[in-house]
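Undergrad: I need the structure of the sequence given here:
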Amino acid sequence: MTSTAGPPPTGGGDGERQRLRLLAVTACPTGIAHTYMAAEKLAQAAESRGIDMKVETQGSIGAENVLDDNDVSTADGVIVAADKDVDLSRFVGKRVLVVGVAEGIRHPERLIEQVRSAPVHTAGGTAAATAAPGGKERSVAYKALMNGVSYMIPFVVVGGLLIAISLSLGGHPDPSGGLVIPKGSFWMDVNNIGVIGFTLMVPILSGYIAYAIGDRPALVPGMIGGWIANTGSLYDSKAGAGFIGAIVTGFLAGYLVLWIKKVKVPKFVQPIMPIIVIPIVATTALGLFFINVIGKPISWVFEHLTSWLGGMTGTSAILLGTILGLMIAFDMGGPVNKTAFLFGAGLIATGNQAVMGMCAAAIPVMPLGQGLATLIRQRFYTEQERETGLASLFMGCFGISEGAIPFAAARPAQVIPANMLGGAVAGAVAGLAGVKDAVPHGGPIVAVLGAVSGVPMFFVAVAIGTAVTAVTTVALVDVSERKRRGEPVGHGGTTDEPELALVGAGVGAPGAGAVVAERASRGGTATVGVVGSAGSSAGAAGAVETMTGADSAGIGSANSGSADAQGAPGSGSGSPGASPDPEIRPGILPEALPESPPEVLSGYLTEQTVKVRLDAGDKEGVIREMAGLLARTGKVVDVEELVATALRREAQGTTGLGEEIAIPHAKTDAVSAPVVGFARSAEGVEWGSLDGTKARLVFMIAVPEAAAGDEHLRILALLSRKLMDAGFRERLSAAEDESAVLGVLSEVG
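TA: Numbering: from 1, shown residues only. Reported below is the predicted structural model:
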């Protein structure tokens with residue numbers, strides 16, 4: 001149970017022991033199940049010990065129960081159970097314990113004991129973090145990188161797509177060189193806007209990496225450092241350092257700010273440190289360091305690579321194409337990429353168009369390959385990542401290699417080698433076939449506009465390189481995911497969610513976001529509020545928080561699940577078939593009719609979709625059996641596709657919540673309307689749950705692609721919180737038949 005903080009303790013002279021007051025903040029990457037589970041567990045543990053606790057939950061689309069100044073001033077300690085950054089500045093002077101959200105679920109009692117002796121949070125300091133036993137927390141570096149990449153994504157997509165649109169509708173090859181858009185035209189304005197987006201992309205990446213490490217004082221030096229890194233003219237280079245340079249400046253800025261914060265200064269200087277002193281000192285030091293120390297080697301690399309390539313013009317076309325492809329794909333706008341590109345572009349004026357042909361074939365391979373990878377192995381990617389992949393495909397068609405940068409920045413060990421291999425193959429094939437390009441641009445767009453000779457082989461080179469990149473990426477990511485799945489599950493460490501958690505909108509955002517929970521659930525379960533949060537994504541959430549794919553897709557708007565049930569009576573074990581709706585017939589008084597069954601989960605779950613005993617004993621069998629259960633309603637148009645979608649969802653990460661609960665789900669057009677089912681397993685099914693328990697209470701949610709909305713978030717939040725009530729679970733397990741089960745579930749709403 002939660003309670004609002006009352007007036008400050010008076011410490012009256014009656015000798016009565018003051019009631020301990022604690023605060024808590026819970027947050028997980030998607031803000032659905034774990035956020036509320038941790039809040040409920042902490043509130044229950046506090047209530048059982050006679051402790052006042054107010055819990056602020058941070059979710060994905062709203063805010064509630066925010067901890068105000070009065071709450072903080074009267075609190076004896078603060079527990080932050082979160083897997084994304086939470087603003088701790090409001091807790092200065094209070095004992096603060098920071099752990100992963102899984103710890104809030106698994107060991108709430110332990111946290112309540114530990115917070116009493118936790119270190120006092122100081123201005124500009126960081127609270128002590130306790131890792132889950134046996135678990136593995138995401139590193140600060142990983143969280144910072146994901147934070148930067150998540151903010152960079154919109155700039156890449158908006159900038160790239162605007163440039164691509166302007167080129168496709170307003171550009172044409174010019175005899176003087178280049179794919180040009182008439183100056184002063186409408187499409188030139190659109191192109192310029194896109195260029196601004198691309199220009200800001202690198203500073204944003206650097207700035208928010210720094211922000212995740214050093215907080216607000218690091219934002220300015222990080223962004224300015226990223227701008228310097230991307231502006232080669234500042235350090236006598238024809239090409240900036242690109243996204244790799246931005247990553248370097250982001251980390252340098254963040255850790256430099258942390259170091260400056262540790263410097264002891266007079267008290268009268270402390271108030272201006274975060275807004276004046278630290279940003280100015282850090283920005284100046286970082287800028288000068290990059291220009292005079294890091295920038296010089298970049299310029300040297302650029303010059304010597306150009307000279308080296310100049311000496312290779314007489315070598316084998318295949319070898320030269322391979323080398324150029326490797327360089328083009330390496331850093332996508334950095335000095336290595338620009339060296340190869342400018343080398344090819346410079347030779348056009350001499351009449352040698354073959355070198356640019358090799359570059360043009362390699363340029364689109366990275367975005368096309370990464371976009372294709374998100375299509376052929378969707379289970380490795382979240383829904384938002386797949387959307388970014390589609391944008392990457394579009395940018396690739398217009399020769400915008402930066403479309404692959406978000407993937408390369410997030411998973412460099414897998415993506416960069418795959419990009420380079422595909423680029424090398426494309427360059428080699430183009431060199432072998434003697435493909436020529438008359439303009440300094442790449443991608444299919446130049447062939448469509450007539451700037452390429454040897455068009456068929458140009459497309460063959462691009463297609464082969466794209467396929468190699470996609471297949472290699474999938475293989476390397478698969479190896480990485482297998483290693484991750486080999487780690488123990490349910491110990492607060494990494495989850496089975498795709499590593500590329502970067503592209504969730506708002507991941508790591510310092511802004512707000514939350515799921516709005518039901519104000520008051522039935523059966524006495526306490527209400528826990530919601531608030532937005534800052535932070536980068538993290539991995540201690542445990543497996544269920546990989547619900548981002550289907551969870552954020554939605555159950556959609558409210559529907560009456562029983563009103564359009566059309567399925568034939570079922571014959572599953574222990575489950576009677578669905579009865580037809582009662583019908584008023586002559587001679588039967590209305591009051592003699594049976595009472596209408598209670599509405600559960602906005603009518604999505606009905607007696608048709610309840611089964612008291614599952615026959616299957618493994619996860620796949622249970623999902624298949626429950627898909628058949630949902631098919632009774634007539635809302636499932638393709639059972640096999642529903643099963644396949646749910647299994648792909650499980651491959652991203654388990655939907656086992658712990659406490660013997662699992663909620664498999666699927667967002668697919670294999671269903672015509674939202675539908676929810678429930679079934680029990682007497683023996684339990686191994687589900688990879690957070691706490692290691694077998695799933696005995698299984699809910700299955702299916703929603704069509706077009707039914708995305710907020711209603712499903714309300715249902716998931718309400719359901720997951722209600723299931724934390726041990727009494728509710730006991731009643732649900734003891735219900736004798738489908739009707740009794742439905743009666744218990746009606747407590748949810």
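Undergrad: Just confirm A354 contacts G427, I think it does.
TA: No - applying C-beta atoms under 8 Å, one finds A354 not in contact with G427, separated by 11.1 Å. In this view, the C-beta of every residue, glycine as well, is placed from N, C-alpha and C.
Undergrad: So the two - more neighbours on which side?
TA: Counted by other C-beta atoms under 10 Å, A354 and G427 do not tie: G427 has more neighbours, with 36 against 23.
Undergrad: element containing the more buried one, please.
TA: Using DSSP states H and E, G427 maps to helix 412-433.
Undergrad: how about that helix: buried residues?
TA: Within helix 412-433, the residues scored as buried using 16 or more other C-beta atoms under 10 Å are 414-433.
Undergrad: by contact count, what packs against whichever helix or strand F341 is part of?
TA: Assigned by DSSP H and E, F341 belongs to helix 335-348. Other helices and strands packing on helix 335-348, by 3 or more C-beta pairs under 8 Å, 6 or more residues apart in numbering; DSSP states H and E, are helix 295-310, helix 317-331, helix 354-362.
Undergrad: Could you check how far the longest one is from the centre of its chain?
TA: To tie it back to what came earlier, the one meant is helix 295-310. Helix 295-310 has its C-alpha centroid displaced from the chain centroid by 37 Å (C-alpha atoms, centre = their mean, to the nearest Å).
Undergrad: again with the last one
TA: From the chain centre to the centre of helix 354-362 is a distance of 35 Å (C-alpha atoms, centre = their mean).
Undergrad: Remind me what that helix packs against, helices and strands.
TA: Packing partners of helix 354-362 (3+ C-beta pairs under 8 Å, 6+ apart): helix 317-331, helix 335-348, helix 412-433, strand 436-437, strand 452-453, helix 455-485.
Undergrad: and if we set it to 7 Å?
TA: In terms of contacts (3 or more C-beta pairs under 7 Å, 6 or more residues apart in numbering; DSSP states H and E), helix 354-362 is packed against helix 317-331, helix 335-348, helix 412-433, strand 436-437, helix 455-485.
Undergrad: can you list the helices and strands packed on helix 335-348 in JSON lines and add mean pLDDT and distance to V190?
TA: Supplementary listing: the helices and strands packed on helix 335-348 in JSON lines, determined by pLDDT from 0 to 100; distance: least, C-beta to C-beta, whole Å:
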{"stretch": "helix 295-310", "mean pLDDT": "76", "distance to V190": "31"}
{"stretch": "helix 317-331", "mean pLDDT": "88", "distance to V190": "26"}
{"stretch": "helix 354-362", "mean pLDDT": "89", "distance to V190": "23"}
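Undergrad: Of the ones you listed, which stretch is the most buried?
TA: helix 354-362 (a mean of 32; mean count of other C-beta atoms under 10 Å).
Undergrad: That one relative to helix 335-348, how many degrees between them?
TA: Here the directions of helix 354-362 and helix 335-348 differ by 140 degrees (axes from the mean of the first three to the mean of the last three C-alpha atoms, to 10 degrees).
Undergrad: how far off helix 317-331 does the helix holding F341 point, in degrees?
TA: Calculated by the same axes, to 10 degrees, helix 335-348 forms an angle of 140 degrees with helix 317-331.
Undergrad: tell me the mean pLDDT over helix 335-348?
TA: Mean pLDDT, helix 335-348: 79.
Undergrad: what do you get for stretch 719-735?
TA: Stretch 719-735 carries an average pLDDT of 82.
Undergrad: Could you work out the end-to-end span of it for me?
TA: Stretch 719-735 stretches 18 Å from its first residue to its last (C-alpha to C-alpha, to the nearest Å).
Undergrad: related to what we said a few turns ago, select, out of the helices and strands packed on helix 354-362, the one closest to G677.
TA: With distances scored as C-beta to C-beta, the stretch of the helices and strands packed on helix 354-362 nearest to G677 is helix 455-485 (26.9 Å).
Undergrad: Just the CA trace of stretch 99-111, in PDB.
TA: In PDB, the C-alpha atoms belonging to stretch 99-111 read as follows (Å, rounded to 0.1, in the frame of the first residue of the first chain):
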ATOM      1  CA  VAL A  99      19.400  -0.700  -7.700                       C
ATOM      2  CA  GLY A 100      17.900  -2.400 -10.800                       C
ATOM      3  CA  VAL A 101      14.200  -2.700 -11.100                       C
ATOM      4  CA  ALA A 102      14.500  -6.500 -10.700                       C
ATOM      5  CA  GLU A 103      15.800  -6.000  -7.100                       C
ATOM      6  CA  GLY A 104      12.700  -4.100  -6.300                       C
ATOM      7  CA  ILE A 105      10.700  -7.100  -7.300                       C
ATOM      8  CA  ARG A 106      12.800  -9.900  -5.900                       C
ATOM      9  CA  HIS A 107      14.200  -8.300  -2.700                       C
ATOM     10  CA  PRO A 108      12.000  -5.400  -1.500                       C
ATOM     11  CA  GLU A 109      12.500  -6.300   2.200                       C
ATOM     12  CA  ARG A 110      16.300  -6.200   1.700                       C
ATOM     13  CA  LEU A 111      16.200  -2.800   0.100                       C
END
